[in-house]
Structures are given as structure tokens and as C-alpha cells.
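> need coordinates for the below:
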Amino acid sequence: MLQAVLNGSRPEDAHPALPVLARHLARDARAVARLGVRSVHVHPRDPLGHETIDPVHVGDAVALIRQEAPGIEIGVTTGRWIQPDPALRIEAVRGWGRLGVGKPDVCSVNVHEKGWVEVCRTAASVGIGVELGVWTSGDAVTLRQSGVPPMTVRVLAESTVVSDPETAVAEAVRIVRALGQLPVPVLLHGEEDGAWPVLEYALRMGVDTRIGFEDVLVRPDGWLATGNDDLVRAALAIRV
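This is a model prediction of the structure:
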């Protein structure tokens, strides 16, 4: 499975084609869906362009994406950097459950963040699946000790602490080994200079991976990508 990660935490001026507004996220979701992508991950923004987990803005973004790309899995973030207070993150996730067509299918929850178990439990209680973010081999050990929460759809093995290509792949290997055997699929990815090497490693290993402006702005040849669809085409063209 190739997931498209459309914007992440990047500032508006990071790339001319970076989707920030809900309608731009929907446009890019439609474009990658036409290439066969069946899952997107987005970071909704408020009118000022700031990342938000407010149900109003999350619902707007998800509903527009669903309209433009029917049937695609839509995931959003619960990142601590957006809302440091675990209680308020939980409240927001609970609010997503009342959004109707604007309710996300899944949300990413980072294992190293305070309150992650409770956020997962709340998501499950309102029918939202979970992508567990594992950034280090230490996070992997934490997950193994805690167990995989209900409604978890996949584990994100995120080799993002380092971006040096060789080091990123080595860290990816360490995280996957530390995770061991899991009852759910693993999605493996890197970012910046490590994005393409880790994606190629994931393809060789036959595991899920992802690509998009959240992780990298350039194609494998080093040229600036023209859009998320350009990055997806480049990923689909890779043969290992």
C-alpha cells in the first residue's frame, strides 16, 4: 500500500504547490486517487494556515476530500505539537466522532506522546481507526510492552529522527526489528534526504510505505516536485 501524505507541518511557503486550505487538500487527494492511491494523511489548517485538530476545521477538510475522492481512506494527525494538553486532544478526537461525513477514517497517534493510550481509546470509542507512530526503537519497545490498542489499522515505523540516507535506512531496520511480529501491518517511511532511500527499502521488503510533501519536496532525481501527484508517480515508477 502506498499512502500519500499531502502537507504535514510544513509552512505555507515551503513549496508553491503545498496544499494548505481544505479545497487544496481535496484537489491533491483527487489527483493521487486517480493514480491508484487509496489512503491519504493530512494536517488540517485553520484560516490562518496553522495546524489544528479543532473539529470544525478537521470536518471541513475531511468532508471536502471525501467529496472529491470518494472511497479513499482519510487520516489526520493528533500531534502533541498542535495541542500539548492530552485532555484537550482527547476532547477534540471525541468531537470528530460527531462530524458525519467529516469524520476521519483514521488518526495518527505517536507512541512517545503523553496520553497516547487514552487518545487511542477515545478514537476507538467513536469509530475512528488508529495509526500508531513509532519514531525510535525505544518507542517500539514501549508499544510491545503496552500492546497494540483496539482499532489500530497499522503501525507507522517512522525513520525521521535522522535524514542522512544511509543512517535513515539503518534506523528503519532497527525500528522494524524492535517492533517484532505485530497483528497489524507496518508502514515504513523516512523524510527529507532519507525519504526515497527508506521508501525503496520498504518496497524491497514488501511492506507498506508512503510519499508526499509531508516527507519530501523533491523527486528521486533531486528535482523539485511539481505536486503530490508528481511524487506519487515517481514512487510508482520505482522498480526494486
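
> what about the residue sitting nearest the centre point of the chain, which helix or strand?
Nearest to the mean C-alpha position of the chain, counting by CA atoms, centre = their mean, stands residue 41 at 4.4 Å. Using DSSP states H and E, the element containing residue 41 is strand 39-42.

> got it, and residue 56?
Counting by DSSP H and E, residue 56 is part of helix 55-68.

> would you tell me what the next helix or strand after that helix is?
With DSSP H and E, the next secondary element past helix 55-68 is strand 73-77.

> and the following helix or strand past that following strand, what's buried?
Sequence-wise, the next helix or strand downstream of strand 73-77 (DSSP H and E) is helix 86-96. Across helix 86-96, burial judged by 16 or more other CB atoms under 10 Å covers 86, 89-90, 92-96. Every residue, glycine included, has its C-beta placed from N, CA and C.

> how about the strands in this protein?
For the chain, applying DSSP state E gives strands covering 2-5, 39-42, 73-77, 106-110, 129-134, 152-159, 186-190, 209-211.

> and the contacts of stretch 193-206?
159-160, 162-169, 172-173, 176, 187-190, 208-211, 215-216, 220, 235, 238, 240 (CB atoms under 8 Å, 6 or more residues apart in numbering).

> got a ChimeraX select line for the buried ones in these?
Buried residues among the contacts of stretch 193-206 (16+ other CB under 10 Å), as a ChimeraX selection:
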select :159,160,162,163,165,167,168,169,172,173,176,187,188,189,190,208,209,210,211,215,216,220,235
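
> helices - which of the contacts of stretch 193-206 land there?
Secondary structure from DSSP state H places 165-169, 172-173, 176, 235 of the contacts of stretch 193-206 in helices.

> name the nearest of the residues you listed relative to residue 57.
Using CB to CB, residue 235 comes nearest to residue 57 of those, at 28.6 Å.

> isn't residue 127 up against residue 97?
Yes. Counting by CB atoms under 8 Å, residue 97 is a contact partner of residue 127 at 6.4 Å.
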